[in-house]
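In: Quick one, structure for this:
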Amino acid sequence: MQLDTARRIGTPEGIELSLPVAGPVPRALAWLIDLALRGGILIAISIVAGILGQFGGGLILIAAFALEWLFPAWCEVKMDGATPGKKAIGLRVLHDDGTPVRWPAAMTRNLLRAIDFLPLFYAFGLISTLINRDFKRLGDLAAHTIVVYREAKPHHFSVPAAPPLAPPVPLALEEQRAVLDFAERSNGLTAERAEELAELAEPLLAGSHRDAASLRLIRIANHLIGRK
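Out: Modelled structure (predicted):
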């Protein structure tokens with residue numbers, strides 16, 4: 001069993017991206033949500049089209065085709081790589097190189113669901129995801145796409161309030177930024193880890209202050225942001 005499902009991609013700019021790959025279970029849940037949504041829309045269309053006789057029957061067939069084969073591809077291209085089901089689970093489709101999915105790939109991966117479904121209940125697709133390190137079904141392999149988890153929204157850090165303290169030595173801009181970064185993230189650290197990191201800033205700990213190393217850096221951070 002794979003414990004690390006992150007796929008690492010090197011960009012032409014020399015930046016390495018880490019994409020958390022989605023396994024078969026969340027993808028199946030997303031598919032079930034999409035299936036229920038498509039079914040509900042088709043039922044609504046059928047009720048309205050039922051009063052139109054044979055013409056209405058033709059509309060139902062066209063709607064069923066569009067919902068099954070075109071609607072998912074449209075969502076992936078126009079809705080940031082996600083059908084409603086994928087969006088609800090927190091997934092999105094990307095090209096193998098990490099770029100947003102486009103029409104050719106979206107159409108390929110969705111049309112090939114017909115093969116993934118064989119012989120029944122997505123058997124081929126499931127087998128493919130289980131033996132592939134990136135959990136790709138056959139449609140993904142042909143389209144060179146990958147399904148990943150959406151990036152979590154960035155946390156908004158803030159400097160904890162404390163009596164400001166001027167640093168005992170002048171600080172370069174990079175050093176000021178390091179102190180602020182530590183203070184902003186200190187609430188997410190254990191007390192022991194915060195002290196361990198704070199003690200690395202040895203020049204700022206000189207003097208007769210009795211504050212813990214982490215508290216002293218937080219006080220200096222308060223001074224740097226202009227708190228009184």
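In: what's in contact with the strand or helix carrying residue 63?
Out: For residue 63, the enclosing helix or strand under DSSP states H and E is helix 53-65. Residues from elsewhere that reach helix 53-65 (C-beta atoms under 8 Å, 6 or more residues apart in numbering): 41, 42, 45, 46, 48, 49, 50, 52. The C-beta positions use only the backbone N, C-alpha and C, and glycine is treated the same way.
In: try it again with 10 Å
Out: In this structure, residues lying in contact with helix 53-65 by C-beta atoms under 10 Å, 6 or more residues apart in numbering are 38, 41, 42, 44, 45, 46, 47, 48, 49, 50, 52, 71.
In: Please name the nearest non-neighbouring residue to the second one.
Out: Think residue 41. What sits nearest to residue 41 in space, not counting adjacent residues and going by C-beta to C-beta, 6 or more residues apart in numbering, is residue 67, at 6.1 Å.
In: Excluding chain neighbours, what is closest to the residue nearest in space to the middle of the chain?
Out: Centroid-nearest residue in the chain: residue 150, 1.4 Å away (criterion: C-alpha atoms, centre = their mean). Excluding the flanking residues, the one nearest residue 150 by C-beta to C-beta, 6+ apart is residue 90, at 4.9 Å.
In: just to revisit the earlier point, can you go through the contacts of helix 53-65 and name the buried ones?
Out: Among the contacts of helix 53-65, the ones that count as buried by 16 or more other C-beta atoms under 10 Å are 38, 42, 45, 49, 71.
In: Show me the two of these that sit farthest apart.
Out: Spatial extent of those (C-beta to C-beta) is set by the pair 49 and 71 at 17.0 Å.
In: Residue 20 should be in a helix, yeah?
Out: No: judged by DSSP: H, G, I helix; E, B strand; the rest coil, residue 20 forms no part of a helix; its state is strand.
In: close enough to count as contact, it and residue 134?
Out: No: taking contacts as C-beta atoms under 10 Å, residue 20 lies outside contact range of residue 134: 11.0 Å.
In: Please enumerate the shared neighbours of these two.
Out: What both residue 20 and residue 134 touch, as defined by C-beta under 10 Å, 6+ apart, is the set 5, 7, 148.
In: Compare those and tell me which is most surrounded.
Out: Within the shared contacts of residue 20 and residue 134, most neighbours by other C-beta atoms under 10 Å means residue 148, with 23 neighbours.
In: For that residue, which non-adjacent residue is spatially closest?
Out: residue 19 (4.5 Å).
In: What ranges in the protein fall below the confidence cut-off?
Out: Residue ranges of the chain with pLDDT under 70: 1-4, 10-16, 152-156, 207-210.
In: in it, which spans are helices?
Out: For the chain, the helices defined by DSSP state H cover 24-49, 53-65, 71-78, 84-89, 103-111, 113-116, 123-131, 138-143, 173-185, 191-198, 213-224.
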